[in-house]
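In: Dropping the sequence and predicted coords here.
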Amino acid sequence: MMDTIMEFLAHSYTQWGLWTLLYTLLIVVGVLIAVAYYTYAERKVMGAMQRRQGPMTVGPLGLLQPIADGLKLFSKETIIPSGAHRVVFLLAPMMLFALSLIAWAVIPFDKGWVLANVNVGILYLFAVSSMTVYGVIMAGWASNSRYAFLGGLRSASQMVSYEVSMGLIIVCVLLCTGSLNLQEIVLADRPLWVQILLFPMFIVFLVSILAETNRAPFDLPEGESEITGGFMVEYSAMAFALFFLGEYSAMILMSAMTTTLFLGGWLPPFGLEFFAFVPGIIWFALKTALIMFVFLWARATLPRFRYDQLMRLGWKVFLPFTLFWVVLTAGLLVTFDALP
């Protein structure tokens with residue numbers, strides 16, 4: 001009897017392990033393909049906004065351009081500066097890329113379609129996204145370059161400035177949904193007045209994720225016109241490609257996070273049952289793509305902020321506003337007895 005039970009448990013564990021491995025590979029490959037063609041979409045969208053064509057040569061309509069770029073970076077030599085700390089120098093891009101992938105473990109693509117359905121998924125996501133700054137600081141210090149070090153310092157102060165506001169925004173969402181589980185946040189009942197209440201937080205969150213991912217108009221840590229590439233200035237070949245992959249996968253991750261917190265995840269828009277026949281993962285992908293487009297739109301249209309403007313916006317505008325909105329949200333929920 002005991003042997004039968006042990007055999008059953010071993011068989012179940014093997015099946016569960018194979019399923020987890022398969023799902024993990026599916027996520028990783030999907031994210032890498034999405035990153036590759038997000039770069040293609042960026043060049044096409046910016047080309048259209050600037051009245052030019054963008055990639056057109058490699059493959060039909062330039063669709064093979066991301067693959068050509070990847071092969072080029074793979075084939076180049078990795079050059080390590082003589083004064084750099086070799087271990088930390090190479091560890092930094094690996095860490096940044098790994099962190100941008102492991103965060104996907106708690107993102108629900110559809111009902112039940114999540115690798116790790118943990119009850120504190122939002123805290124896990126926030127913690128992992130906060131750790132990406134370590135990779136940037138390591139790269140800035142290990143490069144032994146003044147420009148790289150300045151880029152690392154800028155990234156650290158920028159991330160601290162905007163993560164405080166992001167944390168308060170997430171508190172507002174948690175007050176309205178009553179759960180830290182990302183699937184339950186999506187499925188939580190949100191009356192129209194709650195959605196209107198969260199709309200200002202949605203706008204602030206959109207701006208904050210631009211700063212969190214070091215994207216225009218908040219790309220001060222890279223600042224090509226000021227510090228010639230910032231923390232990535234000494235990197236080349238595959239080490240640079242890992243930074244590139246980490247940055248773009250973080251942008252897609254933040255778009256998915258925004259979709260989950262504010263746009264109803266995989267549910268049809270505006271609660272329209274007419275669209276219920278469309279698979280939830282399609283709605284999730286379309287909503288995420290809409291937020292991803294905002295990143296491209298901002299880069300193509302907005303000039304880079306000065307650093308004092310960046311800090312002022314984070315500490316003197318977003319922080320007081322989000323603090324006030326948390327108090328207002330909590331007060332309204334208690335007043336109308338609407339706490340979940």
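Out: Good, I have the coordinates.
In: can you pull out the helices in the stretch 1-150 of the chain?
Out: For the stretch 1-150 of the chain, the helices defined by DSSP state H, counting those that start in this stretch cover 2-49, 65-75, 86-102, 121-142, 146-177.
In: Show me which positions of the last one end up buried.
Out: Applying a neighbour-count criterion of 16 or more other CB atoms under 10 Å, the buried positions in helix 146-177 are 147-159, 161-166, 168-177. To be clear about C-beta, it is placed using only N, CA and C from the backbone, and glycine gets the same treatment.
In: how about the helices of the stretch 1-150 of the chain in TSV, adding mean pLDDT and distance to residue 236?
Out: Formatted as TSV, these follow (pLDDT from 0 to 100; distance: least, CB to CB, whole Å):
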stretch	mean pLDDT	distance to residue 236
helix 2-49	76	18
helix 65-75	89	9
helix 86-102	89	11
helix 121-142	86	13
helix 146-177	88	13
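In: Using the three-state scheme, assign the closest residue to residue 280 other than its chain neighbours.
Out: With sequence-adjacent residues excluded and distances taken as CB to CB, 6 or more residues apart in numbering, residue 280 is closest to residue 266, at 3.1 Å. Assigned by DSSP: H, G, I helix; E, B strand; the rest coil, the conformation of residue 266 is coil.
In: In TSV: the helices of the stretch 1-150 of the chain, plus distance to residue 329.
Out: As requested, the helices of the stretch 1-150 of the chain are exported to TSV (distance: least, CB to CB, whole Å):
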stretch	distance to residue 329
helix 2-49	33
helix 65-75	42
helix 86-102	30
helix 121-142	16
helix 146-177	5
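In: Residue 324: which of these is closest?
Out: helix 146-177 (9.6 Å; CB to CB).
In: May I have the following helix or strand past that closest one as CSV, with CA atoms only?
Out: Per DSSP states H and E, the first helix or strand lying C-terminal to helix 146-177 is helix 182-187. Output of helix 182-187 as CSV, limited to C-alpha atoms (Å, rounded to 0.1, in the frame of the first residue of the first chain):
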residue,chain,number,x,y,z
LEU,A,182,-3.4,39.0,-9.2
GLN,A,183,-6.2,36.7,-10.5
GLU,A,184,-8.5,37.9,-7.7
ILE,A,185,-7.6,41.5,-8.5
VAL,A,186,-8.7,41.0,-12.1
LEU,A,187,-12.0,39.2,-11.0
